[in-house]
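Chemist: Any chance you could fold what I've pasted below:
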Amino acid sequence: MPITLEQFAAECHTILKSEPGPSGRRKICMLLEDLLREPGFVQQTITDSTSERQVLYEDPELGFCILAHNYKGAKDSPPHDHGPSWAIYGQAKGETEMTDYELVAPAAESRPGMARPVRTYKLTPGTAYVYNEGELHSPRRRGPTQLIRIEGMNMDRVKRLKFEAVS
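Modeler: From the prediction side, this is the model:
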């Protein structure tokens, strides 16, 4: 019997309660990678009818969220961070080409920040990656993809600054 979303959320809560920083996030990332290799967990968590951004769980005490993402076609995002939060991207189906950036010029309300690409790699089914606060990255999806993502807080409520890529 595969682990349920509720059991996964409870395990995330336990880990983040005892280790709220990067080491706890790394443990969650490794647990998510294990779960992404379990077809039963993926099938119960994300389906073809899942939207592009669907909050599956929001922790009432710690505020972290577990989300499902279902992209039906290609989709790119510009460089971004998660503001005051962190995120873990977990690839369930398809492939995401991720680029990491170094900050060249900080963003402000009145103008976008500038970021230089430093590394590109692929997230394939069963892989997950932690992006801590301030780490700039951009996903590129060339076809249908499904992800399970964890945010340190619900980013629907956070205004983020914009960034542009420079060479």
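Chemist: quick one, strands of the protein?
Modeler: Under the criterion DSSP state E, the chain contains strands at 54-58, 65-71, 75-76, 87-93, 96-105, 113-123, 128-131, 136-141, 145-151, 163-165.
Chemist: closest to residue 8 out of the ones you listed?
Modeler: For these, the distance to residue 8 is smallest for strand 65-71, at 7.1 Å, taking C-beta to C-beta. For the C-beta atoms, the positions are set from N, CA and C on the backbone; glycine is no exception.
Chemist: which residues touch the closest one?
Modeler: Strand 65-71 is contacted by residues 5, 8-9, 12, 45-59, 94, 141, 144-151, 153-155 when judged by C-beta atoms under 8 Å, 6 or more residues apart in numbering.
Chemist: List the neighbouring strands of that strand plus their orientation.
Modeler: Taking DSSP bridges as the criterion, strand 65-71 sits next to strand 54-58 (antiparallel), strand 145-151 (antiparallel) in its sheet.
Chemist: so which of those is the most packed in?
Modeler: Among those, strand 145-151 has the highest mean neighbour count (mean count of other C-beta atoms under 10 Å), at a mean of 23.
Chemist: wait, doesn't residue 77 sit right on residue 138?
Modeler: Yes - here residue 77 reaches residue 138: they are 5.2 Å apart, a contact under C-beta atoms under 8 Å.
Chemist: who has more neighbours, the two?
Modeler: Counted by other C-beta atoms under 10 Å, residue 77 and residue 138 do not tie: residue 138 has more neighbours, with 19 against 13.
Chemist: Pull the contacting residues for that one.
Modeler: So residue 138 contacts 76, 77, 78, 79, 80, 98, 99, 101, 165 (C-beta under 8 Å, 6+ apart).
Chemist: so what's residue 150 bridging to?
Modeler: Going by DSSP bridges, residue 150 forms beta bridges with residue 66, residue 88.
Chemist: any idea how far residue 162 is from the residue in the chain sticking out farthest from the centre?
Modeler: Distance from the C-alpha centroid of the chain peaks at residue 110, with 26.6 Å (C-alpha atoms, centre = their mean). For residue 110, the distance to residue 162 (C-beta to C-beta, to the nearest Å) stands at 11 Å.
Chemist: before we move on, what about residue 81?
Modeler: For residue 81 relative to residue 162 (C-beta to C-beta), the value is 11 Å.
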